[in-house]
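**Q** 3D model of this:
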Amino acid sequence: MLSGQGWTAIAGCRQFFYARYVDWAITTPLILLELGLIAGAEPASIAAAIGADVVMVFSGYMGAVSVVTTVKWFWFLIGIGVFVPVLYTLAVTFRESAVAKGSEVADVYGKVAWLTIVLWIVYPLVWLFSEGFASFSVSFEVCAYALVDILSKAVLGFMVMSAHDTLGVAGNSASREYV
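**A** The predicted structure follows:
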């Protein structure tokens, strides 16, 4: 987007950044996969959350490109309708699996999951006032999405990497050789 690519003009000559939806279609399923694996959740639960997430991103895209107001809000409601089960999966289903793995894993999962939940709630709010009502300027919209993207992806990644030993990703830390 910084390069001037990844956008087009839509109704009222408002800039629409379709590249963000491509980004979200790739990164948000990966985040859900990561959180599901950290929690030790069942593959079916992870797949269901990822499926709902893809529908949510697609619904946001369709709502954003819709010119007819009723169609725009129809897609928004569908997106919210599948967003709620994703949040439930993060807050309850994956959490139960993490608790079953032990208190240390549950603590790490709790931190990264709640960061994800809180920040992901910001996305539909920004969509509502930018692409929905067109109340926010395009510049504010881009900055808001960029800030939430950085916090929900980069900070999440740093938190998971800093909990590497707790999660036991590399096996027994006593047998590791440091070079």
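**Q** Quick one: list the elements packing against the helix or strand containing residue 23.
**A** In this structure, residue 23 sits in helix 19-39 according to DSSP states H and E. Under the contact criterion of 3 or more CB pairs under 8 Å, 6 or more residues apart in numbering; DSSP states H and E, helix 19-39 touches helix 43-65, helix 94-101, helix 103-127, helix 138-149, helix 156-162. In short, each C-beta sits where N, CA and C put it, glycine included.
**Q** Low-confidence stretches in the protein?
**A** Within the chain, the stretches with pLDDT under 70 are 1-14, 169-179.
**Q** how about a cut-off of 50?
**A** Applying pLDDT under 50 to the chain picks out residues 170-171.
**Q** Apart from its neighbours in sequence, what residue is nearest the most centrally placed residue in it?
**A** Nearest residue to the geometric centre of the chain (CA atoms, centre = their mean): residue 28, 4.2 Å. Nearest non-adjacent residue to residue 28, counting by CB to CB, 6 or more residues apart in numbering: residue 53, 5.2 Å away.
**Q** swap in residue 107?
**A** Nearest to residue 107 is residue 166, by CB to CB, 6+ apart, at 7.9 Å.
**Q** so that neighbour makes contact with residue 102?
**A** No. Using CB atoms under 8 Å, residue 166 makes no contact with residue 102, being 9.5 Å away.
**Q** Comparing those two, which residue is more hemmed in?
**A** Each of residue 166 and residue 102 has its neighbours counted (other CB atoms under 10 Å); residue 166 has more, 15 against 12.
**Q** what about the more buried one, distance to residue 113?
**A** Residue 166 sits at a distance of 15 Å from residue 113 (criterion: CB to CB, to the nearest Å).
**Q** Understood, closing this out.
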